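Engineer: Take a look and give me a structure for this.
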Amino acid sequence: MVIPVYILELLQKLEKKGFEAYIVGGCVRDFLLGREPQDWDLTTNATPEEILAVFPEGKYENQFGTVLLPLRKLPDNSGKGELIDVIEITTYRSEQGYSDRRHPDEVLFETEIDKDLERRDFTINALALRLAVKGQELKAHRELLEIDDKSYELVDLFRGRRDLKDKIIRAVGEPTERFKEDALRMMRAIRFSSQLGFEIEAKTQRAILKLAGAVKFVSKERVRDELVKIIKSGRPAAGIRLMHDCKLLQYIIPELEEGVAMDQNHHHIYQVFDHNVNTLKHCPSADWQVRLAGLFHDIGKPKTRKFIDGAATFYNHEYVGARQVERIMKRLKFSTDDSLRVVNLVKNHMFYYNVGEVTAASVRRLIVKVGRENLKDLIDLRIADRLGSGTPKGMPYKLRHLEYMLEKVQNDPISVKMLAVNGYSLMSELKLEPGPKIGAILDVLLSEVIEDPELNKKDYLLEKARQLESFNLAELREQAREKIDSRREEDDNDLKKSFHV
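Structural biologist: Okay, the predicted model is just below:
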């Protein structure tokens, strides 16, 4: 464990000016756990104006006593440049009243570190560490730590270090009060549990159960950010189950709750909700969008369940689910790009592929449908889906063969840009005027080339374009649509053979 030199220098500069200065919060927690802190936060009894006197380059533009200090002396990983980091240095403070369920109505600057730690959420985050002052008599709840040949004073008012050792998430003081101050802390408790593998202390968990409905008053952006951190954690499935057990999930993603206790057909040993969570658990991708698609992939099943000859079916659940996921991600204020990616994976997770039954053309159509950049994610999702169904083998032969076929056809033409002719060719060779008709002709040519890449020759395509020249725009679009629809029907018939339906 090593505290960065630039952090120690900041502490020393404040101490030399006669102020107290501590490293505080989550960075102390991670440091004591042997984890690399993502951020280093400092707190001091110096007022914001006094902090700025020590660090004139800092900025103070808020009411919470936080000075933002940019540092430009951190080498990047390449050793060729510098990273710009921002350190937050905050005056000791206490807070009163939370009428908006998030921000304090009143912030009071304090002179003692104890008051600052009392306002924090969990005991493991209410720890403060400073360079020990020689000859200083330590007060209660303080101890000396020898780290990296240096002596540090650890302030631990709420036995957070013991909770770190026991792997416990415990609220500071009365948990209901902490959660009434900011309801997002309930999700944060679950996030820390997922990230650290800790248990939530019983009284703290009961408070979450009691106040779960208050999460409705938290901004969707903050809820989204905590959800993503849970999904990115080392135990995302455990986090989602804990959100369900603590009654939070019903207020955040009620669509997932619809699958609770819903049986599937004889191909599945798990109920819908459990299968979705197990799919998240077994996702081989570290990418949170792919993991989220795993959690959401069968979310449409409750809306599409029907019984045929006594057996449950879920036809078109992927399309219904994709529309639900789009609404969920819009509701939680995800970016358009994130939403499109997750929706695309959910909508296409039912792709059918069986060696000997699916042609190279259908593989090219799959690439056109989902995007070449999403194929690895789609295969990861299928592996997670299989493992989440209790299938012991996530990567069967036919999926390995699909990877081979994807590699084989990767250079085949799948877009207008890859055709041997383009709009300029058609205008110069066929004397066509610029306009949408050229694009429609290219679409028809592409539909043929996707079926047979050998047709992607300039002479053939120009001759075919001459034949299409007599068609009007509507007829060309209809011709391209007929080709797409006929192939889509063929692919859908293949899909209905799939055990997964």
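Engineer: hang on, residue 140 in a helix?
Structural biologist: No: if the criterion is DSSP: H, G, I helix; E, B strand; the rest coil, then residue 140 is coil and not within a helix.
Engineer: residues in contact with the helix or strand in which residue 189 is found?
Structural biologist: In the assignment (DSSP states H and E), residue 189 maps to helix 184-196. Identification of contacts with helix 184-196 by Cβ atoms under 8 Å, 6 or more residues apart in numbering yields 33, 102, 121-122, 124, 167, 169, 171, 178-179, 198-200, 204-205, 208, 211-212, 214-215, 218, 222-223, 226-227, 229-230, 233-236, 238-239, 242-243, 246, 248. To be clear about C-beta, it is placed using only N, CA and C from the backbone, and glycine gets the same treatment.
Engineer: got it, and stretch 57-75?
Structural biologist: Stretch 57-75 has contacts (Cβ under 8 Å, 6+ apart) with 6, 10, 47-49, 51-52, 55, 81-93, 107, 109.
Engineer: now that stretch: mean pLDDT?
Structural biologist: For stretch 57-75, the mean per-residue pLDDT is 80.
Engineer: still on that earlier bit, determine how far the helix holding residue 189 lies from the middle of the whole chain.
Structural biologist: 15 Å (Cα atoms, centre = their mean, to the nearest Å).
Engineer: Quick check: which ranges of the stretch 251-400 of the chain have low pLDDT?
Structural biologist: Confidence mapping of the stretch 251-400 of the chain against pLDDT under 70 gives the ranges 266, 352-358, 394-397.
Engineer: what are the ranges of the helices in it?
Structural biologist: 254-257, 272-281, 288-296, 301-304, 317-331, 336-348, 360-370, 375-388, 397-408 (DSSP state H, counting those that start in this stretch).
Engineer: Which of these sits closest to residue 129?
Structural biologist: Closest approach to residue 129 among these (Cβ to Cβ): helix 288-296, 31.0 Å.
Engineer: Which elements pack onto that closest one?
Structural biologist: Other helices and strands packing on helix 288-296, by 3 or more Cβ pairs under 8 Å, 6 or more residues apart in numbering; DSSP states H and E, are helix 220-232, helix 236-245, helix 272-281, helix 317-331, helix 336-348, helix 375-388.
Engineer: same thing but 10 Å
Structural biologist: Contact analysis of helix 288-296 by 3 or more Cβ pairs under 10 Å, 6 or more residues apart in numbering; DSSP states H and E lists helix 220-232, helix 236-245, helix 254-257, helix 272-281, helix 317-331, helix 336-348, helix 375-388 as its packing neighbours.
Engineer: Figure out which of these is closest to residue 462.
Structural biologist: Closest to residue 462 of those is helix 375-388 (Cβ to Cβ; 31.9 Å).
Engineer: Figure out how far that closest one is from the centre of its chain.
Structural biologist: Centre to centre, stretch against its chain (Cα atoms, centre = their mean), the figure for helix 375-388 is 17 Å.
Engineer: buried residues in it?
Structural biologist: Residues 375, 377-388 are the ones in helix 375-388 that count as buried (16 or more other Cβ atoms under 10 Å).
Engineer: Make a markdown table out of these and add distance to residue 59.
Structural biologist: Shown next, in a markdown table, are the buried residues of helix 375-388 (distance: Cβ to Cβ, whole Å):
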| residue | distance to residue 59 |
| --- | --- |
| 375 | 45 |
| 377 | 40 |
| 378 | 45 |
| 379 | 47 |
| 380 | 42 |
| 381 | 44 |
| 382 | 49 |
| 383 | 47 |
| 384 | 44 |
| 385 | 48 |
| 386 | 52 |
| 387 | 49 |
| 388 | 48 |
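Engineer: Identify the farthest-apart pair in the residues you listed.
Structural biologist: 375 and 388 (19.9 Å).
Engineer: Now do the buried residues in stretch 157-171.
Structural biologist: Across stretch 157-171, burial judged by 16+ other Cβ under 10 Å covers 157, 158, 159, 160, 161, 163, 164, 168, 169, 170, 171.
Engineer: want to throw the helices and strands packed on helix 288-296 into TSV with distance to residue 147?
Structural biologist: Shown next, in TSV, are the helices and strands packed on helix 288-296 (distance: least, Cβ to Cβ, whole Å):
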stretch	distance to residue 147
helix 220-232	28
helix 236-245	31
helix 254-257	44
helix 272-281	36
helix 317-331	44
helix 336-348	40
helix 375-388	41
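Engineer: still on that earlier bit, closest to residue 477 out of the helices of the stretch 251-400 of the chain?
Structural biologist: helix 360-370 (17.2 Å).
Engineer: which ones are touching residue 371?
Structural biologist: By Cβ atoms under 10 Å, 6 or more residues apart in numbering, the residues touching residue 371 are 340, 341, 344, 348, 377, 378, 414.
Engineer: whoops, residue 124 was the one
Structural biologist: Residues near residue 124 by Cβ under 10 Å, 6+ apart: 25-26, 28-30, 32-33, 156, 158-164, 167-170, 172, 192, 196, 198.
Engineer: Provide the backbone phi and psi angles at it.
Structural biologist: When read as degrees, to the nearest 10, the backbone of residue 124 gives phi -70, psi -10.
Engineer: If we ignore the residues flanking it in sequence, what's nearest residue 280?
Structural biologist: residue 295 (4.2 Å; Cβ to Cβ, 6 or more residues apart in numbering).
Engineer: Relative to residue 213, how far out is the one you found?
Structural biologist: Residue 295 is 22 Å from residue 213, where distance means Cβ to Cβ, to the nearest Å.
Engineer: and these two? which has more neighbours close in?
Structural biologist: residue 295 (27 against 12; other Cβ atoms under 10 Å).
Engineer: just checking, that one touches residue 276?
Structural biologist: Yes: contact criterion Cβ atoms under 10 Å: residue 295 and residue 276 qualify, at 5.6 Å.
Engineer: Residue 315: neighbour count?
Structural biologist: So residue 315, with other Cβ under 10 Å, has 14 neighbours.
Engineer: Touching, it and residue 307? I think so.
Structural biologist: No: assessed by Cβ under 10 Å, residue 315 is found out of contact with residue 307, at 11.9 Å.
Engineer: Report the contact partners of residue 381.
Structural biologist: Listed by Cβ under 10 Å, 6+ apart, the contact partners of residue 381 are 279, 283-285, 290-291, 293-294, 297, 345-346, 348-349, 351, 374, 388.
Engineer: Nearest to residue 431 among these?
Structural biologist: The nearest member of these to residue 431, counting by Cβ to Cβ, is residue 374 at 39.8 Å.
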